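S.K.: Coordinates for the following, if possible.
(one chain, ligands or ions: 2)
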Amino acid sequence: MIKVSKFGGSSVAEASQFKKVKSIVKADPDRRFIVVSAAGKRFSGDNKLTDLLLLVNAHIEYHVDCTSLLKTIEQRFVDIRDELGLKYPIEEKFEEFSSVVSSLSPEYIVSRGEWFTGQLMAEYLGIPFVDAADVIVFHHDGTVDMERTATHVKDAAARLGGFLLPGFYGSTVDGTLKLFQRGGGDITGAILARCLDAGVYENWTDVSGFLAADPRIVDNPRSIHRITFDEMRELSYMGASVLQEEAIFPVREVGIPIQIKNTNDPSAQGTVIRETATEHEREHLITGIAGKKDFMAIHVQKAHMSNSVGFVRRALSVFERYGVSVEHIPTGVDSFGIVVNGADVKDTIYSIVNDLRQELKPDSINVIDSLALISVVGRNMSRRAGTSGRIFGVLGEAGINIRMITQSSQEISIILGVNNSDFARAIKVIYDNFVESEYVSLDEKN
Ligand SMILES: Nc1ncnc2c1ncn2[C@@H]1O[C@H](COP(=O)(O)OP(=O)(O)O)[C@@H](O)[C@H]1O
Ligand SMILES: N[C@@H](CC(=O)OP(=O)(O)O)C(=O)O
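M.R.: Ligands and ions are numbered 1, 2, ... in the order given. Model (predicted):
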C-alpha cells in the first residue's frame, strides 16, 4: 500500500522533531512519499518560518532593510543542519536567495520556507527531493490542474520510487510560483495522495488527532477516533485548524481516508476521516465543537416578507456588490439575518446598511457586532430529537445569551451565535455537558 505522509510545521520545527519524523518514516516501508511544511513554532511564542518570510515581503514592500530577519531565518536552518550532521550547503544556497531577495516574487520568497526545510529533510531521510514547482500545476485562476499534476507526480514516482515534496506551493505552466491558502501543506499532501492513488493520507501534527474541542480553550479534550468528511469540514471551516478546510476534497472524491496522527506520540490512535464512520451501538451524540469570533449579523425585518419574491436575493446582491461573502442566513417568517465576517465589512458596514434600506425598504434593520459563532457538530444529531433544546438549556443555565441559531441542511451541525465575550465559556459548557459527560457515561457502561 502507498501511504502519503505529510508532516506539518510543528513536526519539522527543529532537529529533535526531524529525528521523530525519521523514526516514523523508517518504521513503515509504505511511507515513501513525504510532504513537509516549513519549520513551525518550536515553543509557544516562537515564530513559524512562513510568518517570518511574509514579514520579509512586507519589509521589501516598504523598502525597509531585512538583513537581520533573513539571518534569523537562515540560522533556523543552520541549527537543524548542524545538529543532524547534514551536508546541505545552507549558507551558500541562502546567500543565493537573499542576495536577490528584493527582486523575487512574494510567492517565491514565502515558498522558500518549505523548500529549504524540504531540502534538509530529504537529505536526512535519504530520499530524493522533488521541487513542488515541477509537479504541482496551477491554472492561472489559482485552482489546481489535476490532470497535469497527476502526470508529473506519476512520472516522478515511476522514476524515483519515492520522494519528498515540499508543501504549500506549485507553479503555473509558464513557471510562475503560486501558493495555496495558509495551512496549504495539507492540500499538497491530499493532492499527492490522490495522484498516487494512495491507500491512506497520513497527516502528522502535534496533537493526537482531531480533538472534540480546541485544546487552547478546553483542557485536555477527548480525541475523536472516527469522523466523517462532512463533520470534519464543518469543524475545520469553523476554526478547528488541525486540517486545512480545503484538504479533504482531492482525497474524498476518490475515497482515500485521512489519518491524523501525532508526531510526538506516534502510538496514539489519532483520527480517521472517511465518507462514513462505522456505526457503533452506542455512539456519541456530538462529535466536536469549534468556533470563531468577530462576526457581524445584520438583521432585516419586514412584514409579509415571506410573500415577497426575490427579497433575500436583493439583500444578497448588496453584499455581492461590496465583494463580501455571506457566512449564514438564519431566516424567520418576516425577518432574516445575514452573518458576515466582521473584518470583511469593517469599512463598509454603514454604506451596506444604507443600500439595504434603499433596496428593501425594511421595517427595521439592526446590526449585531462582536458575534462569535460556535458550531456543534455530530452525525448522530439528526437521529435524536431535542438536541438543540438541550444545548440552549445548558447555555441558559450558565447565563449565556444565544443571539442567533441556524442549522446545516443535513442536520449535522447547529450553529449558535453568542457574544465574543461568552465564546470560550460557551464552548466549555457545551463540551462538559455533551462530550465529556457522554464519554464518562459510555466508559462506565463499557
Ligand atoms: N479540534 C481540534 N483538534 C485538534 N487540534 C486543534 C483543534 N482546534 C484547534 N487545534 C489546533 O491545531 C493545531 C494543529 O494544527 P497546525 O498548527 O496547523 O499543525 P501543523 O503545524 O502540524 O500543521 C493544534 O496544535 C491545536 O492547537
Ligand atoms: N507553512 C505554511 C503551510 C502549512 O501547511 O503549514 P503548517 O503545516 O505549519 O500548518 C503555513 O504556515 O501556512
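
S.K.: From here on, just use CA atoms for contacts and neighbour counts.
M.R.: Noted.

S.K.: Could you list the low-confidence segments of the protein?
M.R.: Under the criterion pLDDT under 70, the flagged ranges of the chain are 278-283, 409, 439-446.

S.K.: Flag every residue of it that's near ligand 1.
M.R.: The chain comes close to ligand 1 at residues 8-11, 183, 205-207, 209-215, 240-242, as judged by Cα under 6 Å from any ligand atom.

S.K.: Just the buried ones out of these, please.
M.R.: For the residues of the chain next to ligand 1, a burial check counting by 16 or more other Cα atoms under 10 Å picks out 8-11, 183, 205-207, 209-214, 240, 242.

S.K.: Cross-check those residues against ligand 2 and keep the overlap.
M.R.: Near ligand 2, judged by Cα under 6 Å from any ligand atom, the entries from these are Gly8, Gly9, Gly183.

S.K.: As CSV, those with secondary structure and distance to Ala156 would be great.
M.R.: As requested, these are exported to CSV (DSSP: H, G, I helix; E, B strand; the rest coil; distance: Cα to Cα, whole Å):
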residue, secondary structure, distance to Ala156
Gly8, coil, 23
Gly9, helix, 24
Gly183, coil, 25
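
S.K.: from those, which is closest to Asp155?
M.R.: Of all those, Gly8 has the smallest distance to Asp155: 25.4 Å, by Cα to Cα.

S.K.: Please list all residues in contact with that closest one.
M.R.: Contacts for Gly8 (Cα atoms under 8 Å, 6 or more residues apart in numbering) come out as Val36, Ser37, Ala38, Gly40, Gly185, Asp186, Asn203, Trp204, Thr205.

S.K.: repeat that with 7 Å
M.R.: Val36, Ser37, Trp204, Thr205 (Cα atoms under 7 Å, 6 or more residues apart in numbering).

S.K.: ditto for His139
M.R.: Applying Cα under 7 Å, 6+ apart to His139 gives the contacts Asp145, Thr172.

S.K.: rerun that using 10 Å as the cut-off
M.R.: Asp145, Met146, Ser171, Thr172, Val173, Lys178 (Cα atoms under 10 Å, 6 or more residues apart in numbering).

S.K.: Quick check on these: which are buried?
M.R.: So, by 16+ other Cα under 10 Å, the buried ones in the contacts of His139 are Met146, Ser171, Thr172, Val173, Lys178.

S.K.: Val144 is in contact with the fourth one, correct?
M.R.: What that stands for is Val173. No. Counting by Cα atoms under 10 Å, Val173 does not reach Val144; the two are 11.1 Å apart.

S.K.: what is in contact with these two at once?
M.R.: Taking Cα under 10 Å, 6+ apart as the contact rule, the neighbours common to Val173 and Val144 are Ile136, Val137, Phe138.

S.K.: between the residues you listed, which is nearest ligand 1?
M.R.: Ile136 (19.3 Å; Cα to the nearest ligand atom).

S.K.: That closest one against Gly167, yeah?
M.R.: Yes. Taking contacts as Cα under 10 Å, Ile136 lies within contact range of Gly167: 9.5 Å.

S.K.: For the two, indicate the residue with more neighbours.
M.R.: Ranked by neighbour count (other Cα atoms under 10 Å), Ile136 and Gly167 place Gly167 first, with 32 against 29.

S.K.: Next, count neighbours for the residue nearest to that one when sequence neighbours are not counted.
M.R.: Nearest non-adjacent residue to Gly167, counting by Cα to Cα, 6 or more residues apart in numbering: Gly185, 4.2 Å away. Residue neighbour count, defined by other Cα under 10 Å, stands at 30 for Gly185.

S.K.: Gly185: what's it in contact with?
M.R.: 6-9, 35-38, 114, 165-169, 179, 191, 203, 243-244, 247.

S.K.: Helices - which of those land there?
M.R.: In helices, defined here by DSSP state H, the members of these are Glu114, Ile191.

S.K.: Derive a PyMOL selection command for the buried subset of the contacts of Gly185.
M.R.: Command for PyMOL that selects the buried part of the contacts of Gly185, burial taken from 16+ other Cα under 10 Å:
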select buried, resi 6+7+8+9+35+36+37+38+114+165+166+167+168+169+179+191+203+243+244+247
